[in-house]
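Undergrad: Task: produce atomic coordinates for the following.
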Amino acid sequence: MNNLCARLLVPVDASEASLEVARFAIRMARQYGSALAFVYVVDVSVRDLLARVARRSPDEVLREMEETGRRTLSHLAHLAEQEGVRAEKVLRTGAMHAQVLTEAEGWGATMIIVGKPQERELRGLFLSRVVRQIIAGARVPVLVVGPPEAEHREE
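TA: This is a model prediction of the structure:
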């Protein structure tokens with residue numbers, strides 16, 4: 001299969017927004033018969049910040065972040081399986097954008113699917129920078145998926 005949707009790589013975290021992006025990718029993989037991989041990166045800068053703020057050892061925080069990653073990946077693989085899609089689970093540690101780009105290259109991704117960060121919050125500003133770094137460094141197209149339509153409506 002030599003097409004744009006042949007191998008979809010989806011960076012994920014434990015957020016609801018990430019879950020929505022994963023669901024979108026699962027539907028896309030089912031529709032196009034794509035191979036699908038979810039990659040969860042334990043970002044070392046976040047680990048170090050959390051360790052300082054919580055006054056805990058970086059190793060302890062790392063173990064908790066890795067466990068969250070494993071649970072998240074298992075949950076998403078289960079959702080994919082329910083839709084008849086097999087999803088690979090990848091857990092990495094390092095700088096988020098660098099690990100995503102390395103995995104995309106090594107796995108032979110034909111597209112990376114990322115969520116559009118909501119920049120009105122601190123976490124969104126961090127993720128916005130990461131998404132820009134992924135877009136700038138990717139050798140394949142990057143699809144940026146916005147939030148569900150309900151979030152776009154003004155009250």
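Undergrad: sec struct for residue 85, please.
TA: Under DSSP: H, G, I helix; E, B strand; the rest coil, the three-state class of residue 85 is coil.
Undergrad: next one: phi and psi at it?
TA: The phi/psi pair for residue 85 (degrees, to the nearest 10) reads phi -120, psi 130.
Undergrad: Remind me what the helix or strand where residue 73 lies packs against, helices and strands.
TA: Using DSSP states H and E, residue 73 falls within helix 58-82. Applying 3 or more C-beta pairs under 8 Å, 6 or more residues apart in numbering; DSSP states H and E, one finds that helix 58-82 contacts strand 7-12, helix 16-32, strand 35-43, helix 44-54, strand 87-94. In this view, the C-beta of every residue, glycine as well, is placed from N, C-alpha and C.
Undergrad: For residue 59, see how far away residue 12 is.
TA: Look at residue 12 and residue 59: by C-beta to C-beta, to the nearest Å, they are 23 Å apart.
Undergrad: neighbour count winner among those two?
TA: A side-by-side neighbour count of residue 12 and residue 59, using other C-beta atoms under 10 Å, places residue 12 first with 25 against 10.
Undergrad: what comes up buried for the helix holding residue 73?
TA: Within helix 58-82, the residues that count as buried by 16 or more other C-beta atoms under 10 Å are 61-62, 65, 69, 72-73, 75-77, 79-80.
Undergrad: low-confidence ranges in this protein?
TA: Applying pLDDT under 70 to the chain flags residues 1-2, 119-127, 148-155.
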